[in-house]
Structures are given as structure tokens and as C-alpha cells.
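S.K.: Prediction below, plus the sequence it came from.
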Amino acid sequence: FTLQSGAAGVDFVPAGTPRFITANRDFYRVDTLLNVPRLRAEDYVLRVHGAVDEELSLTFADIRRMRLVERTITMTCVSNEVGGPYVSTSNFVGVPLRDILTRAGVKTGAEQLFSTSVDGWTAGTPVEDVLDRGLLAIGMNGEPLPAEHGFPARMVVPGLYGFVSATKWVVDMELNRFADKQAYWLKRGCD
């Protein structure tokens, strides 16, 4: 379920628990590189291609002009133990991926949205989940998306672990079949 931003009484801070909304600086991170990629918004381009009717190249300015929504989303890492530190909640602002993919026109037979980060990290996300609730996030907790969390844009798909859905610094989205390409962690035996 999704709570309204700023809903009163949704945490138990007086009892010693963390706040419901995680501050950007405290939001958990799992990175595969030692350095955080630094992209400039004015240079950013997102390519959408593959099994689509029309290939898209969207600049950051194009994305900002699209319909933006705010969603309160909790994310957790697939390797997080019960009570572990790899779970956080944020108010993400972005474009519903359905809007972008509808504009591109998803062809019949497309099973995954294969997303690629500027650093080469990849994820394969089921198209039905992306269309249902996926977000191309550009903001986090009332601020531009921090560089550590994927500025200028990242994918967020509630209900799926990040290793299959949360590409930070996303620059490429290819619609294809799962048999066409294997994502970063699947190539390394994590499934």
C-alpha cells in the first residue's frame, strides 16, 4: 500500500524506531563501483528502444515536462536479513514508466525492460510490473535525486527487489524477451 506523503502517526519514533521516511543521506545503498557516477542534467539522454513502435531519446528537460507524480515507496535489498539495514522509504517524484512506454509503443512479445546504467550495470524487469507501477524517478524527499541515488534519473518499481528493477543513473531501456539478454546479477549466478 502507499501512504500519503507526510501522513501523521505512521511511525513510532517516540518508541525508538526510525522515522517512516528515510532521510536521503540515510537511505541504503548497494553499489557495484567504488566511485559514484556524476552526470549533468543538461547532458542526460535516456534511450528507449527494442521491441517498440517508435524509438525515443528523452533529455532531462523532456522528462521534466512530462506528467510528474509523487509516490511513497519502500525499497529493500534482496540480501537484507530480517531487521537488517538495507530497507528504506522515500517520497520519490518522477514520471510513470507507463507514460514513457505508451509513448514508445510496446510491441507484443516484449517480456522485459532491460535497463542499463551509465556505469554498465543492468537489470531485467518484467514489462507487466513496469507498466503497472514503475517510475522513472528524478526527485527524492522534496529534493533532486542525489547523485548517490542515481541523479539525474533512476528506475523504481515497487514490489520488486532492486537487483531486478532499480537501475540508478539509467541511460538505456530496451524492450526485449528474457531469453535475449541476462542482467548483471543473473550473469553472476544470482537468481
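M.R.: That came through fine.
S.K.: Run through the helices of this protein in chain order.
M.R.: Shown for the chain, the helices assigned by DSSP state H span residues 60-65, 97-104, 127-133, 184-187.
S.K.: which other helices and strands contact the longest one?
M.R.: Put plainly, it is helix 97-104. Packing partners of helix 97-104 (3 or more CB pairs under 8 Å, 6 or more residues apart in numbering; DSSP states H and E): strand 45-50, strand 56-59, helix 127-133, strand 135-140, strand 170-176. Bear in mind the C-beta positions are built from the backbone N, C-alpha and C, glycine included.
S.K.: What residues of it count as buried?
M.R.: L97, I100, L101, A104 (16 or more other CB atoms under 10 Å).
S.K.: Rounded mean pLDDT for that helix, please.
M.R.: Taken as a whole, helix 97-104 has a mean pLDDT of 98.
S.K.: tell me the angle it makes with strand 135-140.
M.R.: 130 degrees (axes from the mean of the first three to the mean of the last three CA atoms, to 10 degrees).
S.K.: Look up how far G83 lies from L136.
M.R.: Counting by CB to CB, to the nearest Å, the gap from L136 to G83 is 31 Å.
S.K.: so which of the helices and strands packed on helix 97-104 is the most packed in?
M.R.: strand 135-140 (a mean of 24; mean count of other CB atoms under 10 Å).
S.K.: roughly how far is that one from the heart of the chain?
M.R.: 7 Å (CA atoms, centre = their mean, to the nearest Å).
S.K.: Now do it and strand 45-50, the angle between them.
M.R.: Using the same axes, to 10 degrees: strand 135-140 against strand 45-50 is 170 degrees.
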